[in-house]
Structure formats: C-alpha cells, structure tokens
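**Q** Give me a model of this one.
(one chain, ligands or ions: 1)
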Amino acid sequence: MQGQEPALIEDCLLPSVPLIFDMRTSNHSTSRRRLLKTLPFASIGLGSALPEFVHGQEPPTDKPQSALQSRVKSIDVTLRRRRPNPDPIRDALQSLPGVGNVVVTITSDEGITGQGDIGYGRIAGGLDALKALIEHELTPIVQGTRLSHIRQTHEAMRKETDYHGTQGLATLGIAAVDTALWDCLGKTLNVPCWQIWGGCHGSIPAYGMLGWINYTEDQLKERCEQALAQGYRALKLKVGFPSLKEDVKRIEFVRKIIGDDVRLMVDANQVLTVGEAIMRGRVFEELGCWWFEEPIPAHDLEGYRRINEEIGIQLATGENLFSPQDFGRFIRHNAVDIVQPDLRRSGGPTALLEIGHLSNAYNIPYASHGGGAAHMNVMACLPNVIYVETGGTDHLVDGRLKLPQGPGFSWD
Ligand SMILES: [Mg+2]
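**A** Numbering: from 1, shown residues only. Next up, the predicted model:
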C-alpha cells in the first residue's frame with residue numbers, strides 16, 4: 001500500500017463498509033474521506049488499514065491445492081563458528097577476521113528442507129545474538145506459514161521486529177529466514193528460484209574484490225596478476241588511506257599492473273568527510289577509476305546527494321543500507337548512481353528483488369555486495385544488473401559467473 005494516493009487507499013477499504021452510507025452523492029469524495037475518519041482504524045494510522053492478509057491471515061482462494069500449499073513445519077538455527085583469522089583482511093574502516101555463520105534450516109510438512117546462511121564478519125558474540133533473535137522472535141511468526149505466501153511472511157517479520165527497529169540484527173535474521181524459505185520453495189518445485197521469478201540473464205559479469213588495504217605491494221601485485229589470469233576484466237581496490245597522496249600511489253601502482261583496459265573501482269568504506277570525498281572523487285575520476293564506493297558514512301543521505309552533485313565519477317553505495325525504503329530514499333534524492341545491496345542487510349531475496357526492480361525503474365544499475373548462489377538467483381532476474389562481486393574462480397567463465405542451475409539456491 002505504500003506510495004498509493006489516498007483516494008486509492010479509500011477505494012480499497014470502503015467496499016467492506018456496510019451499505020448504510022450513500023456513496024453516490026454529488027460530494028462523493030468528501031463523503032468518503034469523512035467516512036474514513038469515522039472508522040476505528042483511522043485513529044491508529046494507515047498501517048492498520050492494510051488488507052488483513054498482509055498481517056497474517058490468508059487471502060481467500062478457490063485455486064486447487066498444490067505442493068505450493070505446504071507449510072513450514074520446523075525451523076532450526078545452528079552456528080558454524082570459525083576461529084577468527086589472526087591476520088585479518090582490512091579496509092579503511094575495520095578488520096574482518098570472520099567469526100562464522102548462522103545457518104537457518106526450514107523443513108516443510110512435506111519433509112523438504114531449505115537453508116539460509118548468514119556470514120558474520122565481526123564480533124564473535126554476534127552469532128549467538130542473531131541465533132537468539134531468530135529463535136525467539138522470528139520462529140513464532142514463521143512456524144506454520146505457507147511456502148506460497150513468502151512475501152506475506154516477510155512482511156509479518158518486518159512488522160513484528162519494528163517494535164525495536166527493523167534494522168541491523170533484525171534484518172540479518174529476516175534475511176536468513178527469507179533465504180531458507182525461498183530455497184525450500186525452489187526445492188519443493190525442483191527448480192532454481194530464478195525460474196520462479198523469471199530470469200533474464202544467462203550469466204553475470206564478475207568483478208574481483210582483491211585490493212585490501214593491509215596488503216603489501218607484493219601481495220597486491222600477486223593478487224592482480226592472478227585475477228587477470230583467471231579472466232577478470234574488472235577489479236576493486238580499497239582506498240581511504242589517511243591522505244589522498246597514499247590513495248593515488250596505490251591506484252597508480254595497480255593501474256600499471258592491470259593496464260588501461262581493465263576497469264578499476266575504488267572503495268573508501270565510509271571513512272571520509274563530504275569535503276574530502278569531493279576532493280578525492282575528482283582525482284579518482286582523472287585517474288580513470290570507474291566507480292567511487294561508500295566515501296562517507298552510509299546513512300548520510302544528504303552528504304551523498306551533495307557529493308553526487310559535485311563529482312563526475314559514478315557514486316556507488318548500498319551495502320550498509322537496510323531496506324528497500326532506504327534505497328528508495330537514496331534514489332529519489334539523486335544520492336546514488338549504482339546500488340550495491342547486501343543480501344544480509346537488505347533482508348534476503350524478497351527485499352533484493354524489490355530493490356532490484358525499484359532501481360531498474362529509475363534506470364539505476366545494480367551491482368551486488370558479495371555474491372553467493374541466492375544473490376545470483378536474484379540477479380538472474382534483474383535487467384539492470386551490471387556486476388556480481390566475487391573473488392574466486394568457481395563458476396567463472398571469461399570474466400562472468402554462470403547462473404546456478406540446481407533447485408532452490410543450489411549451484412548444481
Ligand atoms: Mg564496499
């Protein structure tokens with residue numbers, strides 16, 4: 001219902017009102033608005049006026065029952081802990097030792113399972129916090145829901161977690177469950193999820209994230225040469241050193257190795273000020289960099305808008321935005337040229353599809369933050385996809401990643 005004109009909302013609501021009111025008066029519109037004010041939900045906001053099925057009740061259906069009607073029987077949450085890397089990769093903002101994964105397994109009443117796997121880069125205790133949130137807050141909402149109504153289940157999870165804010169940990173939990181639900185549905189139907197949603201690509205161009213800020217020049221050279229040999233035609237380098245001079249030195253070092261025909265993107269991981277970002281962005285453009293990613297803190301919409309007005313290089317952001325609504329705000333305010341959603345922080349495949357179609361409607365390109373089979377399934381269905389972010393050689397052919405072909409989110 002969001003974004004609809006008030007008149008349309010009224011049209012949706014009023015048919016359920018008993019015919020004790022005359023709707024065919026000459027003051028039709030005014031009467032309808034006055035009537036709305038008399039309804040019990042009017043005092044608690046339009047959110048309560050949404051169709052009932054959005055909040056948990058099923059819409060009426062006279063369609064035949066099918067495997068789609070199977071329900072969620074159980075939800076199991078397990079932790080795969082990793083010993084944090086003593087020499088972690090680093091960007092300008094943070095060290096990323098990698099502490100493990102939270103894995104949600106959903107089993108349907110037909111005995112088919114689906115999984116959602118959420119990697120956690122920082123804070124070892126975060127795994128336990130996320131597990132508790134899924135078990136105590138999301139499981140009661142999802143238990144018994146139909147696989148044919150994943151969108152409804154997704155909205156219910158967002159609505160309930162709104163009590164403490166559907167951002168951060170709540171969104172990671174929703175993403176894990178949402179991924180497991182779609183995986184279970186795809187496996188129930190024995191098709192990849194991109195075939196359910198409607199595919200439009202056979203493969204996706206890949207770029208290599210290889211230039212971590214703590215790499216020595218020897219390490220950087222080795223990684224660049226390896227990536228070129230693997231077939232990559234686009235690479236990303238971390239910037240955001242204390243001075244522009246250090247950033248420039250790093251970019252020029254990599255450019256000499258990869259040549260002029262390979263695209264080079266730069267990523268400052270939120271550490272700059274608006275003024276510094278404008279100054280550096282102009283220099284990065286002159287050096288031939290292809291996009292400038294996350295120059296300032298992710299939430300600073302006004303800052304991104306100001307930067308985008310001042311620099312020519314493409315401004316990319318999105319890995320730290322937490323909902324389709326966040327992306328909508330950035331797009332509407334001309335604060336982003338390339339959206340980069342993360343499956344975990346966006347809320348799972350359901351939200352990624354929404355962000356993808358929203359950005360496509362505004363002719364904004366989509367480049368994933370991270371990859372994986374679930375995100376690849378989403379990107380297979382988005383006309384505006386330009387890149388998947390990756391780093392290895394699995395499924396890589398001529399600089400492009402082939403689509404997963406297995407049921408649900410399985411690769412094979
Ligand atoms: Mg980034």
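**Q** following the longest helix seen in the chain, which helix or strand comes up?
**A** In terms of residue count, the longest helix belonging to the chain (DSSP state H) is helix 169-189. Past helix 169-189, further along toward the C-terminus, the next helix or strand under DSSP states H and E is helix 193-197.
**Q** Run through the helices of the stretch 51-200 of the chain in chain order.
**A** 126-133, 139-142, 150-161, 169-189, 193-197 (DSSP state H, counting those that start in this stretch).
**Q** Tell me which of these sits nearest to residue 103.
**A** Distances from residue 103 to each of these were compared by C-beta to C-beta, and the smallest falls on helix 169-189, at 7.8 Å. C-beta here means a position set from N, CA and C on the backbone, and glycine is covered the same way.
**Q** for that closest one, what is the average pLDDT?
**A** Confidence for helix 169-189, expressed as mean pLDDT, is 97.
**Q** got the angle between it and helix 126-133?
**A** Calculated by axes from the mean of the first three to the mean of the last three C-alpha atoms, to 10 degrees, helix 169-189 forms an angle of 70 degrees with helix 126-133.
**Q** Between helix 150-161 and helix 169-189, find me the angle.
**A** Using the same axes, to 10 degrees: helix 169-189 against helix 150-161 is 160 degrees.
**Q** Would you mark the buried spots in helix 169-189?
**A** Along helix 169-189, these residues count as buried under the neighbour rule (16 or more other C-beta atoms under 10 Å): 169-189.
**Q** Kindly report the same for stretch 78-85.
**A** Burial within stretch 78-85, assessed by neighbour count using 16+ other C-beta under 10 Å, is assigned to residue 84.
**Q** same thing with stretch 69-80?
**A** Going by neighbour count (16+ other C-beta under 10 Å), the buried part of stretch 69-80 is 69-70, 72, 75, 77.
**Q** Make JSON lines from those residues and add distance to residue 321 and pLDDT to it.
**A** Putting the buried residues of stretch 69-80 into JSON lines (distance: C-beta to C-beta, whole Å; pLDDT from 0 to 100) gives the following:
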{"residue": "69", "distance to residue 321": "34", "pLDDT": "85"}
{"residue": "70", "distance to residue 321": "33", "pLDDT": "93"}
{"residue": "72", "distance to residue 321": "28", "pLDDT": "97"}
{"residue": "75", "distance to residue 321": "27", "pLDDT": "98"}
{"residue": "77", "distance to residue 321": "25", "pLDDT": "98"}
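**Q** Output those in CSV, with distance to residue 330 appended to each entry.
**A** Formatted as CSV, those follow (distance: C-beta to C-beta, whole Å):
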residue, distance to residue 330
69, 38
70, 38
72, 34
75, 33
77, 32
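**Q** Please list the members of these that lie in strands.
**A** Residues from the buried residues of stretch 69-80 lying in strands, with DSSP state E as the criterion: 72, 75, 77.
**Q** Bridge partners for the first one, pull those for me.
**A** According to DSSP bridges, the residues that bridge with residue 72 are residue 108.
**Q** Then the last one?
**A** On DSSP bridges, the residues paired with residue 77 through beta bridges are residue 104.
**Q** Report the separation between it and residue 182.
**A** According to C-beta to C-beta, to the nearest Å, residue 77 stands 17 Å off from residue 182.
**Q** Give me the pLDDT for the closest residue to residue 203 other than its chain neighbours.
**A** Taking C-beta to C-beta, 6 or more residues apart in numbering as the measure, residue 203 lies nearest to residue 400, with 4.2 Å between them; neighbours along the chain are not counted. Residue 400 is assigned a predicted lDDT (pLDDT) of 97.
**Q** What of residue 392?
**A** 86.
**Q** Give me the neighbour count for it.
**A** Residues within reach of residue 392, counting by other C-beta atoms under 10 Å, total 11.
**Q** Could I get the contacting residues of it?
**A** Contacts here follow C-beta atoms under 8 Å, 6 or more residues apart in numbering; on that basis residue 392 touches nothing.
**Q** how does this structure divide into domains?
**A** The chain breaks down into these structural domains: 6-54, 70-190, 194-402 (assignment by automatic domain parsing).
**Q** hang on, residue 251 packs against residue 292?
**A** No - using C-beta atoms under 8 Å, residue 251 is not in contact with residue 292, being 11.3 Å away.
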